[in-house]
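J.: what follows is a predicted structure for the sequence shown.
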Amino acid sequence: MRTSLFLLWIGLAGAALLCAVRTPLARSTVAVGSAVVLGAHHRVVATVSVCAYLIGRTHMVIDSGGAALFPESAGNFAIRNVWIGWW
């Protein structure tokens, strides 16, 4: 459930970003557009990862006992997710 929700937010944020940059991408070359999309995807994954970490460190989550469901380190979690997103 939590993995599905995490992936859903990455997909929704990525789709929204691609919609926002559609016009400039249409005017660029394939190589430039591909690099921009790949970089944007990595930034979206890293941003959603850090947001998930921050949500897991709120007092409400910690007090409810749900902190174990969230990662311990924001940096390691984000880097690991970006690495997985690369493949």
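T.: Cool, the structure landed.
J.: helix or strand with the lowest mean pLDDT in this structure?
T.: helix 59-64 (a mean of 80; mean pLDDT, DSSP states H and E).
J.: just checking, residue 37 touches residue 28?
T.: No. Residue 37 is beyond contact range of residue 28, at 10.1 Å (criterion: Cβ atoms under 8 Å). The way it works is simple: take the backbone N, C-alpha and C, and place the C-beta from them, glycine included.
J.: how about the helices in this protein?
T.: Shown for the chain, the helices assigned by DSSP state H span residues 2-20, 22-26, 30-56, 59-64, 74-86.
J.: so for this structure, the centremost residue is which one?
T.: Centroid-nearest residue in the chain, with Cα atoms, centre = their mean: residue 45, separated by 2.2 Å.
J.: the nearest residue to it once chain neighbours are set aside: neighbouring residues, count only.
T.: Distance criterion Cβ to Cβ, 6 or more residues apart in numbering; nearest residue to residue 45, sequence neighbours excluded, is residue 85 at 4.5 Å. The number of residues packed around residue 85, counting by other Cβ atoms under 10 Å, is 16.
J.: wait, what's in contact with residue 85?
T.: For residue 85, the contacting residues are 10, 41-42, 45, by Cβ atoms under 8 Å, 6 or more residues apart in numbering.
J.: what stretches of the protein score poorly on pLDDT?
T.: Applying pLDDT under 70 to the chain picks out residues 1.
J.: pull the CA atoms of the least confident helix or strand of the chain into PDB?
T.: The C-alpha trace of helix 59-64 is given here as PDB (Å, rounded to 0.1, in the frame of the first residue of the first chain):
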ATOM      1  CA  HIS A  59       5.100  14.500  15.400                       C
ATOM      2  CA  MET A  60       1.700  13.200  14.300                       C
ATOM      3  CA  VAL A  61       3.300  10.200  12.600                       C
ATOM      4  CA  ILE A  62       5.800   9.500  15.300                       C
ATOM      5  CA  ASP A  63       3.200   9.700  18.100                       C
ATOM      6  CA  SER A  64       0.900   7.300  16.200                       C
END
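J.: buried ones in it?
T.: Of the residues in helix 59-64, residue 61 count as buried by neighbour count, 16 or more other Cβ atoms under 10 Å.
J.: what is the burial count for the closest residue to residue 52 other than its chain neighbours?
T.: When the adjacent residues along the chain are set aside, residue 52 lies closest to residue 6, with 6.1 Å between them (Cβ to Cβ, 6+ apart). One way to gauge burial is a neighbour count; for residue 6, by other Cβ under 10 Å, it gives 16.
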